[in-house]
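Chemist: when you get a sec, could you give me coordinates for this:
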Amino acid sequence: MKFTVGMSSSDTNFINTIIENKEHIYEVYFSWGDFPNGRSSLAFGDETLWERQKRQVDELKKLNTAGIPLNVLFNANCYGRDSQSRAFFEKIGASVDYIKENFGLKSVTTTSPLIAKFIKNNFENLETRASVNMEIGTVKGMDYVSKYFDGYYMKREYNRDFGTIKILKNWCDENGKKLYMLANSGCLNNCSAHIFHDNLVAHEDEISKMDNAYNFVGMCREYLSDEKHYMSLIDDSNFVRPEDIQKYEPYFVAAKLATRVHKNPSMVLKSYIRGKYSGNILEILEPAHNIYPYVVENGEKLKLVKIN
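Modeler: Got it, this is the predicted structure:
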């Protein structure tokens, strides 16, 4: 299995781990500039946009020199008033053109059918891919937007449903499309607040300037603050263990690993490359839930264990 991994917001050594293991890397994905995307910019801490951009340019140069394909993200759940504006698409075009010319861009992942349409109309050789945030999990869902997308991230809730996976794979093969998966999501299945949370992340810059009455960090964290919900956590999750990842190779072009805001992205990547992880499986997920004094022990099978 090949892996698509995200540039880290904090671990500057992760780029070296990626290059050292490039035979296992399908591509590296990243957000660009001040475009809203699927992850909080607060993860960059005190690093300014310009400092982040300079570091990112240096890392992209290294990846390009190493021959590792690149994927840029326009995967915010909402672009507000910019969603259809001419200036917005001109900015996207200029950014994509710059990245492509300087770093060898190969593909674009987006939640927006309009952005996908724009890329298809203006950049002939770039693959367009439907973000996992679009939650596409049916043949109809893929077919509806097939005019603008070359590939799809499958809805994460189907990660353990091989019957559905085979149906989606067969349709992709018959229609010249590519199928991808997200392997290490810590998001809970069918979360009622997922879209709301993704919308907040998309608008977090403007939200941060307000006198806010509440802070929302994810309904999953609140839900898992109650110990009675731990018993069903494994069934309520959709992650795939490193030990099981090779079972998915016949069906997916690559497996995406969420590493952009993980505190130890190298551990995540190396675990999936080895096909083995010993310890609390929650630690290689993003978000990585803390349910102390319990852990989900990854042995011959997953097991909820109280350690204190």
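Chemist: residues near Ser237, how many?
Modeler: 24 (other Cβ atoms under 10 Å). For the C-beta atoms, the positions are set from N, CA and C on the backbone; glycine is no exception.
Chemist: give me phi/psi at it?
Modeler: Ser237 adopts backbone torsions of phi -100, psi 170, taken as degrees, to the nearest 10.
Chemist: so who does it touch?
Modeler: Applying Cβ atoms under 8 Å, 6 or more residues apart in numbering, we find Ser237 in contact with Gly186, Leu188, Asn189, Leu285.
Chemist: what about the helices in the stretch 101-250 of the chain?
Modeler: 113-122, 139-144, 162-174, 194-202, 204-207, 219-223, 233-236 (DSSP state H, counting those that start in this stretch).
Chemist: mean neighbour count for the ones you listed - can I get that in TSV?
Modeler: Formatted as TSV, those follow (neighbours: other Cβ atoms under 10 Å):
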stretch	mean neighbour count
helix 113-122	18
helix 139-144	15
helix 162-174	15
helix 194-202	17
helix 204-207	12
helix 219-223	15
helix 233-236	15
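Chemist: looking at these, which is closest to Asn37?
Modeler: Asn37 lies closest to helix 194-202 among those, at 8.0 Å (Cβ to Cβ).
Chemist: show me what contacts Val132?
Modeler: Tyr153, Met154, Lys155, Arg156, Leu182, Ser185, Lys256.
Chemist: no wait, Asn133
Modeler: Contacts of Asn133 (Cβ under 8 Å, 6+ apart): Gly38, Asn75, Asn77, Thr111, Asp198.
Chemist: from Leu60, how far out is it?
Modeler: 23 Å (Cβ to Cβ, to the nearest Å).
Chemist: turn the helices of the stretch 101-250 of the chain into a markdown table, including mean pLDDT and distance to Ile92.
Modeler: What follows is the helices of the stretch 101-250 of the chain, written out as a markdown table (pLDDT from 0 to 100; distance: least, Cβ to Cβ, whole Å):
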| stretch | mean pLDDT | distance to Ile92 |
| --- | --- | --- |
| helix 113-122 | 98 | 6 |
| helix 139-144 | 98 | 22 |
| helix 162-174 | 98 | 26 |
| helix 194-202 | 94 | 15 |
| helix 204-207 | 90 | 18 |
| helix 219-223 | 93 | 31 |
| helix 233-236 | 97 | 36 |
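Chemist: among those, which comes closest to Glu27?
Modeler: helix 113-122 (15.8 Å).
Chemist: starting at the chain centroid, how far to the closest one?
Modeler: 20 Å (Cα atoms, centre = their mean, to the nearest Å).
Chemist: next, the residues that contact that helix from outside, please.
Modeler: 74, 83-84, 89, 92-93, 96, 108, 110, 126, 128, 130, 145, 147-149.
Chemist: buried ones among the residues you listed?
Modeler: Phe74, Phe89, Ile92, Val96, Val108, Thr110, Leu126, Thr128, Ala130, Val145, Tyr148, Phe149 (16 or more other Cβ atoms under 10 Å).
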